[in-house]
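**Student:** Mind folding the following:
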Amino acid sequence: MEQVLNLLLLRFGLLVGGLVVLTLLVFAVAVALRRRGRLGEVRRYAAPAARAVSRGLDARGAARGRGAPRSGGSLAGAALRAAARHLDDDGRGQRGRGAGR
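**Tutor:** Next comes the predicted model:
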């Protein structure tokens, strides 16, 4: 029993460690892009990709019978929709370039 618990704890630690490393890597890339002034360009490409992946996850969840698409879809799809909304904003809560009109 102790070996099983140790194995589960080790697996959990590796999973959390991997997520921390991935988060730090994404943050470092975002900082580097911002310093070079290319963050806006990457945002324009990333938003449609995030929306497409979100729709795909929702469709896959609906096909497996995990809820109707109108009820919000999967949790991962909802997270990617939120990321796409954030990427569509310019980081100041304004939509696109013509939001100040």
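
**Student:** Could you list the domains of the protein?
**Tutor:** 1-37, 39-101 (automatic domain parsing).

**Student:** out of those, deepest packed?
**Tutor:** Highest mean neighbour count of the domains of the chain: domain 39-101, a mean of 14 (counted as mean count of other CB atoms under 10 Å). C-beta: built from backbone N, CA, C; applies to glycine.

**Student:** doesn't residue 81 make contact with residue 47?
**Tutor:** No: contact criterion CB atoms under 8 Å: residue 47 and residue 81 do not qualify, at 10.7 Å.

**Student:** Point out where the chain drops to low pLDDT.
**Tutor:** Residue ranges of the chain with pLDDT under 70: 61-74, 89-101.

**Student:** What helices and strands are in contact with the longest helix seen in the chain?
**Tutor:** As assigned by DSSP state H, the longest helix anywhere in the chain is helix 2-36. The contact analysis (3 or more CB pairs under 8 Å, 6 or more residues apart in numbering; DSSP states H and E) places helix 2-36 against helix 39-63.

**Student:** Direction-wise, compare the helix it packs on with helix 2-36 and give the angle.
**Tutor:** Angle, helix 39-63 to helix 2-36, by axes from the mean of the first three to the mean of the last three CA atoms, to 10 degrees: 140 degrees.

**Student:** So for this protein, the centremost residue is which one?
**Tutor:** residue 80 (4.7 Å; CA atoms, centre = their mean).

**Student:** OK, contacts around the residue lying closest to it once chain neighbours are set aside?
**Tutor:** Nearest non-adjacent residue to residue 80, counting by CB to CB, 6 or more residues apart in numbering: residue 54, 3.7 Å away. Counting by CB atoms under 8 Å, 6 or more residues apart in numbering, residue 54 touches 73, 76, 77, 78, 80, 81, 84.

**Student:** For residue 9, see how far away residue 54 is.
**Tutor:** 33 Å (CB to CB, to the nearest Å).

**Student:** cool, and residue 24?
**Tutor:** Distance of residue 24 to residue 9, computed by CB to CB: 22 Å.
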